[in-house]
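Undergrad: Below: sequence and its predicted model.
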Amino acid sequence: MTNLNTGADGAIGNTGTIGVIGLGNMGLGMVRTLLREGFAVVGFDLSNDRRIETAEAGAAIVTSQQELFKSCDTIILSLPTAAHVTAVLTGDGGLSSCDDAPRLVIDTTTSEPDVTRELDQSLRRLGHILIDAPVSGGPAGANSGQLTMMVGGSESDFAKAMPVLTALGGKITHVGPVGAGHAVKIVNNMLVATHLLTMSEAIRLGTAAGVEVENLINALNAGSGRSAISEVNYPKWVMNGAFDSGFTMGLMRKDVRLAMALAAQKDIAMPVSELAGALWAQSADALADGEDFNRITELKNTSATNTATKTDPIKAGE
């Protein structure tokens, strides 16, 4: 198994240690996968509990990001927002303030394309490489090394990152230059958020017309109306009442806000998605940020101007 490092000429090469900053459900899952694939891994998180859990998984732990920068050649970020990424890379004590050899930074955060491009320009002047590689597949995908990765970066930088990306991802798509990965991830999650709403309405309509939920799902999945929501989310997390996907309402609401902000910034009219965005925003009145994002299917929405009211989840056989 190869890794990425800096050679004597300052170029990024093929041996070394990977640092992971952000050891939440996704970051810790990636740590476990990288260790299993034979990489040396160092982790950092502000949470002491997360650092302890990561150490128990077998990774080395440091107590500051500066220590991680000095000990690692490739840095993976798994953070909540673009602001957190900016702080780690160009804030006080960030990578840009360290007098270190060039580093490869792989940002798996669901972030903002224009912020990513600005960070790329700042880091590139110092010799560092930044690629955006946001992921889909949840904690299960992170732990199994089967993430879907949407990668932004030059062809040469993408090639340099491939040994790490291949370890983490089952489906890896190079979608364009820096920032393109984050743009695609925002679009992807906007579709997921909208599909959850339309699927829940389809279930209500079908059951009101006398079709049992399980039969309806099976028929839809055999037809052209199928989606990942009908094929995966409903059977795995909704119909059985599990609601334990590992992705929260708060995270999806954040991603929907990013999509709405990007549309406004680019002056793109999206009336259907804007309605979905309004419904997701309303849902905060009934569903806390920590709830599983699939619980949006429990809400009966009459319009974007009415408050969402919670109903019982529709399960198989009801």
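TA: Received, thanks.

Undergrad: V184 touches L191, doesn't it?
TA: No. Using C-beta atoms under 8 Å, V184 makes no contact with L191, being 10.7 Å away. (Glycine included, C-beta is placed from N, CA and C.)

Undergrad: Tell me which of those two has more neighbours.
TA: More neighbours surround V184 than the other of V184 and L191, with 20 against 16 (other C-beta atoms under 10 Å).

Undergrad: give the contact list for that one.
TA: By C-beta atoms under 8 Å, 6 or more residues apart in numbering, V184 lies in contact with 134, 150, 152, 173, 175.

Undergrad: Quick one: buried ones out of those residues?
TA: 134, 150, 152, 175 (16 or more other C-beta atoms under 10 Å).

Undergrad: Okay, domains of this structure per the record?
TA: 17-178, 183-310 (automatic domain parsing).

Undergrad: helices or strands up against the lengthiest strand in the chain?
TA: The longest strand of the chain (DSSP state E) is strand 169-176. On a contact count with 3 or more C-beta pairs under 8 Å, 6 or more residues apart in numbering; DSSP states H and E, strand 169-176 meets strand 147-152, helix 155-168, helix 180-208.

Undergrad: For N240, which of the ones you listed is the nearest?
TA: Counting by C-beta to C-beta, N240 lies closest to helix 180-208 out of the helices and strands packed on strand 169-176; the figure is 14.1 Å.

Undergrad: How are the helices of this protein distributed by residue range?
TA: For the chain, helices defined by DSSP state H occupy the ranges 25-36, 48-57, 65-71, 82-90, 113-124, 138-144, 155-168, 180-208, 213-221, 228, 249-266, 271-282.

Undergrad: Throw those helices into TSV and include mean pLDDT, thanks.
TA: Listed next are the helices of the chain as TSV, based on pLDDT from 0 to 100:
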stretch	mean pLDDT
helix 25-36	97
helix 48-57	97
helix 65-71	94
helix 82-90	97
helix 113-124	97
helix 138-144	95
helix 155-168	97
helix 180-208	97
helix 213-221	97
helix 228	95
helix 249-266	97
helix 271-282	97
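
Undergrad: Compare those helices and give me the one nearest A101.
TA: That would be helix 65-71 among the helices of the chain, by C-beta to C-beta, at 9.8 Å.

Undergrad: helices or strands up against the closest one?
TA: Using 3+ C-beta pairs under 8 Å, 6+ apart, helix 65-71 is in contact with strand 17-21, strand 40-44.

Undergrad: residues making contact with that helix?
TA: 17, 19, 21, 42-44, 60, 62, 75, 88, 93-95, 98, 100, 103.
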